[in-house]
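> Need coordinates for the below:
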Amino acid sequence: MPKQSVKLKKAIRDIPDFPKPGIIFKDITTLLAKPDLYKKTVNEIARHYKDKGIQKVLCVESRGFIIGAPVAYKLGAGFVPVRKKGKLPYKTVSASYSLEYGTDTLEMHEDAIQRGEKILIVDDLLATGGTMGAVIELVNKLGGKIEGIAFIIELGFLKGREKLKGHDVLSLIQY
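Numbers count the residues shown, from 1 in each chain. Predicted coordinates:
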């Protein structure tokens, strides 16, 4: 693991039994509070995709926004928020996905990306891949071309990467 990733990993705080018993929540707020590490996180993702011609960066609410917006800025790309159902004011496309306790739905504006645009998707954490599967479905509905999917954290033991086969997946920290 690169030195930078070790520093980033040490900055992540574990919160036991959140949001429910048995879960260890990976809290990135401790990383974000350190300006040098926040900057390194954004720069590392942007560096990985700088030559891909990214036109739009899609980010999943809410922690994905914190990383994805400055990545979009650094890449000179547009920023597209992907939100939970009912949060966006204009006409949307939607995709549902399974959770341990039911289903959820993500939406983005129907005109957020154009057919053929090069897309980078950014979120804070890859777990089972369900959320990202829904985002990929949204991009495919609108005809975008996914150039990459980036995360700060990947929980490898949950095998979410297997659902993202065929995509360039970057995770800065693996557990």
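
> my guess is residue 161 meets residue 169, correct?
Yes: between residue 161 and residue 169 there is a contact at 5.9 Å, judged by CB atoms under 8 Å. (Glycine included, C-beta is placed from N, CA and C.)

> shared neighbours, these two?
Shared contacts of residue 161 and residue 169, defined by CB atoms under 8 Å, 6 or more residues apart in numbering, are found at residue 126.

> got a list of contacts for stretch 65-79?
28, 32, 41-43, 45-46, 49-50, 54-59, 81, 120, 122-124, 150, 152.

> In strands only, show me those.
Per DSSP state E, strands hold the following members of those: 56, 57, 58, 59, 81, 120, 122, 123, 124, 150, 152.

> partners of the residue nearest the centre of the chain in the sheet?
Centroid-nearest residue in the chain, with CA atoms, centre = their mean: residue 123, separated by 1.5 Å. Under DSSP bridges, the beta-bridge partners of residue 123 are residue 151.

> per-residue confidence at the residue lying closest to residue 169 once chain neighbours are set aside?
Distance criterion CB to CB, 6 or more residues apart in numbering; nearest residue to residue 169, sequence neighbours excluded, is residue 149 at 5.1 Å. If you check residue 149, the pLDDT there is 98.

> Residue 98 now?
Reported pLDDT for residue 98: 87.

> was I right about it contacting residue 129?
No: here residue 98 lies out of contact with residue 129, judged by CB under 8 Å, at a distance of 10.7 Å.

> quick one: which of these two has more around it?
residue 129 (20 against 12; other CB atoms under 10 Å).

> Now do the contacts for the more buried one.
Neighbours of residue 129 in contact, by CB under 8 Å, 6+ apart: 158, 159, 160, 161, 162, 163, 164.

> which stretches of the chain form strands?
Under DSSP E, the chain gives strands at 13-16, 24-27, 56-60, 78-84, 92-99, 102-109, 118-126, 145-154, 169-174.

> so can I have a markdown table of those showing distance to residue 70?
Output for the strands of the chain, formatted as a markdown table (distance: least, CB to CB, whole Å):
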| stretch | distance to residue 70 |
| --- | --- |
| strand 13-16 | 21 |
| strand 24-27 | 19 |
| strand 56-60 | 10 |
| strand 78-84 | 9 |
| strand 92-99 | 25 |
| strand 102-109 | 19 |
| strand 118-126 | 10 |
| strand 145-154 | 12 |
| strand 169-174 | 14 |
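
> Give me the below-cutoff pLDDT ranges for the chain.
Residue ranges of the chain with pLDDT under 70: 1-4, 100-101.
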